[in-house]
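Colleague: Structure, please.
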Amino acid sequence: MKRVCFIRIIKKQSITHIDWQFQNVKPFELIAELPTSFCEGNYPIEIIDYNDLDSNTSLVVSLTSTDVNDAFHLDALKKVFNTNCKNIFIDLSTHDHQEIPIQIYEFCRMECNKELYFLDKNLIDVADDIIYYEQHMWHAINSVVPNRVLNNFKQLNDWEKPHIRSKKGLFLSGHIRFHKLELLNHFYEKGLLDENFIWSSTDETWEPESFRQFIPFDKEAEYRKFKILERIPHMPDFDFNQIKKQGGYSPNANIVHYLSTYFEIILETQFYHKDTNDYCSTRSDWNNISEKTFKAIRLGNPFIMVSKPNTLKLLKDKFGFDFEMKGWMHEYDSIQNDTTRMESIKNKIESVLQYDNLHDLYYEYFTHKFNNDIFIENFYNQTLNIIFNKF
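Modeller: Prediction:
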C-alpha cells in the first residue's frame, strides 16, 4: 500500500491581502481526475491528509497557476519543497495548463532537494523528469463519450448505413481563436460553409476576458475583416442559460451531429507559433491535444487536424494510433511552416468535399479505425501505472 497526498495550491485574495493556500484534493471531487482514477482503478494507495505527511508519503501538487512572476506563488512552492515527504509530483495537467513557461520547471528543479517529477500534457519528450498525463483522457472515457454512449452510437451508426447524411462535415470552432475563425471564414466566404457543414462558433462575448489571448494584437486587423463575424455566435442546439444543453460546443459529443456527417475538422487550441515573450507565446518544443481530438477518436470519426506540425505523427509514435488509409491521408501534418500548412489544410478539406464516395469511405474508416478508442483507455492506464510506480 502506497501513501499519497494530493493537494492543490489556490490563491486567496482580499482587498488588502494575497495568500496562496494548500487544499487537500479528494477522489470524486470536482477537478480531481488523478486521485479519482487511482481509486476507480483499485490501485493500492492510501490517501493521506496534508497535515499527516511524512517521509513515506508521496506528495502530488496541482498548480492552479504557472505564474513565475508572482512572489507569493513562488513562496508557496518553496513551502511545498520544504515539506517532509518521500517525493514530489508537480501536476501541471489537471488545471489544463498549456504552453507552460520553462521557467516554472527550472524554478522547481532549483528549489527542490527531493526526488521531483512533473506531470504535463506535452506530447513531445523534453526531459526525463516529465511524465505525460492528460486529464482529458479521463473525461473522454467517462463523460464526453462514456461506454454506454459509445455502444449506442455503434448500433445507431450501423442502422444509418443505408442513408445518405444531411451534411458532409462537422466544424465546431469553440473559442474564437484566430486560426479557427480564419478557417471558418475561408469556407464561409467561398459559400461552402452552410451547404456542407454542421458548424458552430462562439463570439467575443464568450469569455471576453480572454479575447487578447484568442486574437493577438498582430492578428486583430485581419480578424476584423472576417465576414464570418456577421454570423456568429452560431451555436446549434446550444442554450447559454442551460449548462447541460451544450451540443453545439466543441467539448461535447452530440451524437446526432456525428450521425449526420462524415468527417470532423478538429480545431486544436494552438496552430500558429507565437514568439511574443508574453502570455500569448507558444513553445516550439510543445504540442498537446484536448478533448476535441479524443472525442473524434472515441467515435471512430475520420478527421482533419488543425494543430501544430507533426501532431498526428506524435500521436502515432506515442499512442500507437493509426489514422490513415487509402483515400484518407494527412500529408499536411508534416509541414513546418504554419501558413503553408494552413493552406494545405484548406485544400485538403475542399478536396474531401468533392469526394463522390464519402459515404462508403466513412464506413470503411469507421470499420477499420474504430479500435483506436481502445488506445485511449490503454494509454491512460499506462500513464497511471508510470505515475503509480514512482510513488
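Colleague: C-alpha only now, for contacts and for neighbours.
Modeller: Will do.
Colleague: and Met325, how far is that from Ile335?
Modeller: Using C-alpha to C-alpha, to the nearest Å, Met325 is found at 19 Å from Ile335.
Colleague: Likewise for Asp54?
Modeller: Distance from Asp54 to Ile335, by C-alpha to C-alpha: 50 Å.
Colleague: do the same with Phe217
Modeller: Counting by C-alpha to C-alpha - Phe217 and Ile335 are separated by 25 Å.
Colleague: Could you check which of those two is surrounded by more residues?
Modeller: Set Phe217 next to Ile335 and count neighbours by other C-alpha atoms under 10 Å: Ile335 wins out with 15 against 11.
Colleague: Not counting residues beside it along the chain, what's closest to that one?
Modeller: Arg341 (5.4 Å; C-alpha to C-alpha, 6 or more residues apart in numbering).
Colleague: would that neighbour count as being in a helix?
Modeller: Yes. Under DSSP: H, G, I helix; E, B strand; the rest coil, Arg341 falls within a helix.
Colleague: and the nearest residue in space to Ile45 that is not next to it in sequence, what does it touch?
Modeller: Among residues not flanking Ile45 along the chain, Lys2 sits closest, at 4.5 Å (C-alpha to C-alpha, 6+ apart). Residues in contact with Lys2 (C-alpha atoms under 8 Å, 6 or more residues apart in numbering) are 44-46, 57, 391.
Colleague: Report the two members of these separated by the largest distance.
Modeller: Spatial extent of these (C-alpha to C-alpha) is set by the pair Pro44 and Thr57 at 13.3 Å.
Colleague: and the host helix or strand of Val4, C-alpha only, in PDB?
Modeller: Taking DSSP states H and E as the criterion, Val4 maps to strand 2-13. C-alpha atoms of strand 2-13 as PDB (Å, rounded to 0.1, in the frame of the first residue of the first chain):
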ATOM      1  CA  LYS A   2       1.500   3.300  -1.100                       C
ATOM      2  CA  ARG A   3       0.800   6.500   0.800                       C
ATOM      3  CA  VAL A   4       0.000   9.500  -1.400                       C
ATOM      4  CA  CYS A   5      -1.200  13.100  -0.600                       C
ATOM      5  CA  PHE A   6      -3.000  15.100  -3.200                       C
ATOM      6  CA  ILE A   7      -3.200  18.900  -2.800                       C
ATOM      7  CA  ARG A   8      -3.700  22.000  -4.900                       C
ATOM      8  CA  ILE A   9      -2.300  25.500  -4.400                       C
ATOM      9  CA  ILE A  10      -5.100  28.000  -4.600                       C
ATOM     10  CA  LYS A  11      -5.000  31.800  -4.500                       C
ATOM     11  CA  LYS A  12      -6.900  33.600  -1.800                       C
ATOM     12  CA  GLN A  13      -7.200  37.300  -2.400                       C
END
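Colleague: following that strand, which helix or strand comes up?
Modeller: strand 18-24.
Colleague: Name the residues of that next one that are buried.
Modeller: By 16 or more other C-alpha atoms under 10 Å, the buried positions in strand 18-24 come out as 20, 22.
Colleague: any idea of the mean pLDDT for that strand?
Modeller: Averaged over strand 18-24, pLDDT sits at 86.
Colleague: Just the residues contacting the next helix or strand after that strand, thanks.
Modeller: Beyond strand 18-24 on the C-terminal side, the first helix or strand identified by DSSP H and E is helix 33-40. With contact meaning C-alpha under 8 Å, 6+ apart, helix 33-40 is reached by 6, 25-29, 45, 94, 135, 138, 384.
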